[in-house]
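generate coordinates for the sequence data below:
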Amino acid sequence: MPAQLRTRYLPHVTKIFVDKDEGHRQYSSMAIMPIRPTEAELAILQVLWEAGPSTVREIQGLLCRTKPTGYTTALKLLQIMHEKGLADRDETVRPQLYRARYSREQTQRYLLGDLLNRAYLGSVKALVLHALSNTPSSREELDAIEKLLDRHEGEAK
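Residues are numbered from 1 along each chain as shown. Sure thing, here's the model as predicted:
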């Protein structure tokens, strides 16, 4: 390969390799750690948690109850969620069925942990105090919190 061509060609090849390698490392780490869903993805997950395995048409119909959503928009979001590992797709049936890969509780636990670490530097006390001071709580909610604290206090002794 002539020197002129090599100096123009090799940096380009190196850049492609590095870009693909970084993308591969990011993608391979997604299998280990869940991805933080977007607001639109969370809306779809809410539908899947409530309705169970559903077709794109069913999901789109349920989404439209709260916000107009086109079929192709719902389909594209579900395809992205499948690629990210947020949703599973059953391709053995027609139409295909989508289901949430993680339960509501797993997702809430992950999102809360993420928020706790990013916004509150790991301080549970700061998170709880901010949550309680920010939104009025019902008597039932406060009683449930008190019972939870009593249980934790009993376990700590």
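
spell out which residues make up each domain of the chain.
For the chain, whose domains are defined here by automatic domain parsing, the residue ranges read 39-100, 120-156.

mean pLDDT lowest for which of the ones you listed?
Note on the domains of the chain: lowest mean pLDDT is at domain 120-156, with a mean of 91.

chain center to it, what's the gap?
Between the centre of domain 120-156 and the centre of its chain there are 25 Å (Cα atoms, centre = their mean, to the nearest Å).

do stretch 87-100 as well
Centroid separation for stretch 87-100 versus its chain: 18 Å, with Cα atoms, centre = their mean.

one more: stretch 86-100?
Its chain's C-alpha centre and that of stretch 86-100 lie 17 Å apart, by Cα atoms, centre = their mean.

what residues of stretch 52-66 count as buried?
54-56, 58-63 (16 or more other Cβ atoms under 10 Å). No exception for glycine: its C-beta is placed from N, CA and C like everyone else's.

wait, stretch 81-93
Those would be 81, 84-88, for stretch 81-93 by 16+ other Cβ under 10 Å.

can you redo those as a markdown table with secondary structure?
Formatted as a markdown table, the buried residues of stretch 81-93 follow (DSSP: H, G, I helix; E, B strand; the rest coil):
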| residue | secondary structure |
| --- | --- |
| Met81 | helix |
| Lys84 | helix |
| Gly85 | coil |
| Leu86 | coil |
| Ala87 | strand |
| Asp88 | strand |
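
any chance of these in CSV, plus distance to Thr107?
Shown next, in CSV, are the buried residues of stretch 81-93 (distance: Cβ to Cβ, whole Å):
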residue, distance to Thr107
Met81, 12
Lys84, 13
Gly85, 12
Leu86, 9
Ala87, 11
Asp88, 14
